[in-house]
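In: build me a model:
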Amino acid sequence: MTTLDQDRLAEGLREQGAAFGLAVAGGDPEAKVPTCPEWRLRVLTGHASQATRWAAGLVRAAGTPLPVPDPLDALPGAPDAWASWLRDGAEDLITAVRTAAPGASVWSFNGPVPPVFWLRRMLCDTAVHHYDAAATTGAPYTIADDLAADVITEAMELITAPASQAFKPELTALRGQGERLAVRPDGMTGWLITRTPDGPRWERSDADADMVLSGPVAECMLVLARRVPPARVHGDRALLRHWLDHTVF
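Out: Numbering: from 1, shown residues only. Next comes the predicted model:
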């Protein structure tokens, strides 16, 4: 589970949302997003805040699922209003989570979860799409180390959750016979993935592995999100490629 409390998750969503807004400032709404080539910059921006608003609706619906919105239906307004569109969506979700009833349970694709699940999920989604925006406009990309680490942890949790294989059957391809992959960011304890016959398992560990991905934690996060190519890989690169090919959400 996350080591970040609700206040830090809210702060992180604000940080990444504001940085996203700066990244798209002055950008061409029709520019093709290189990391999501089926989208234009206006669609990416619209989706980013459409998603936080949808998540806020799920929290308020208290267990009732809502239709997943189509990114092409998002209307972020004129480019000079994009920053406020992103900010307002983030604040809508933060408010929904903070005002949820104590002990509330809300819908997710993996079953009932506490409201903070969606705050964390949208922080992770925004962090990755912030990179997409920066890659489109040439803006710098930054993310705090604790947030980047939690994006990795959340991905590990989603990929290895038993319910995820029903939601995303291609994850069954990650079953294995004990192959081990390590993500070992500079200056912090890494993540160790073991492929078992029942599916992948993970733990925080720097134990030996058949493949080791290393580098700054933000870079490792972006590699695992399939946004940048791996720069520092030791061991069986095919294991990493197989993992990346089967962990697209």
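In: how about the helix or strand of the chain with the lowest mean pLDDT: buried residues?
Out: The weakest-scoring helix or strand in the chain, judged by mean pLDDT, DSSP states H and E, is helix 162-167 (a mean of 84). Neighbour-count burial for helix 162-167 flags 164-165 (criterion: 16 or more other C-beta atoms under 10 Å). Where C-beta positions appear, they are placed from N, C-alpha and C, glycine not excepted.
In: and that helix, C-alpha only, in PDB?
Out: This file holds the C-alpha atoms of helix 162-167, laid out as PDB (Å, rounded to 0.1, in the frame of the first residue of the first chain):
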ATOM      1  CA  PRO A 162      -6.200 -11.100  -8.200                       C
ATOM      2  CA  ALA A 163      -9.200  -9.300  -9.600                       C
ATOM      3  CA  SER A 164      -7.100  -7.600 -12.300                       C
ATOM      4  CA  GLN A 165      -6.700 -10.800 -14.300                       C
ATOM      5  CA  ALA A 166     -10.500 -10.900 -14.700                       C
ATOM      6  CA  PHE A 167     -10.600  -7.200 -15.700                       C
END
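In: just checking, next helix/strand downstream of it?
Out: Toward the C-terminus, helix 162-167 is succeeded by strand 180-185 as the next helix or strand (DSSP states H and E).
In: pull the residues that contact that next one.
Out: Contacts to strand 180-185, defined as C-beta atoms under 8 Å, 6 or more residues apart in numbering, come from residues 149, 152, 190-195, 205-217, 220, 224, 239-240, 243.
In: what average pLDDT does stretch 41-56 get?
Out: Stretch 41-56 shows a mean pLDDT of 97 in the predicted model.
In: meant to ask about stretch 72-85
Out: Mean predicted lDDT for stretch 72-85 stands at 92.
In: in it, which residues are buried?
Out: By neighbour count on 16+ other C-beta under 10 Å, the buried set for stretch 72-85 is 74, 76, 79, 82-83, 85.
In: what's the end-to-end length of it?
Out: Distance between the boundary residues of stretch 72-85 (C-alpha to C-alpha, to the nearest Å) amounts to 16 Å.
In: report the distance from that stretch to the chain centre.
Out: Put simply, stretch 72-85 sits 21 Å off its chain's centre (C-alpha atoms, centre = their mean, to the nearest Å).
In: tell me the pLDDT at the residue in the chain sticking out farthest from the centre?
Out: Seen from the C-alpha centroid of the chain, the residue lying at the greatest distance (C-alpha atoms, centre = their mean) is residue 177, 27.7 Å away. With respect to pLDDT, residue 177 scores 97.
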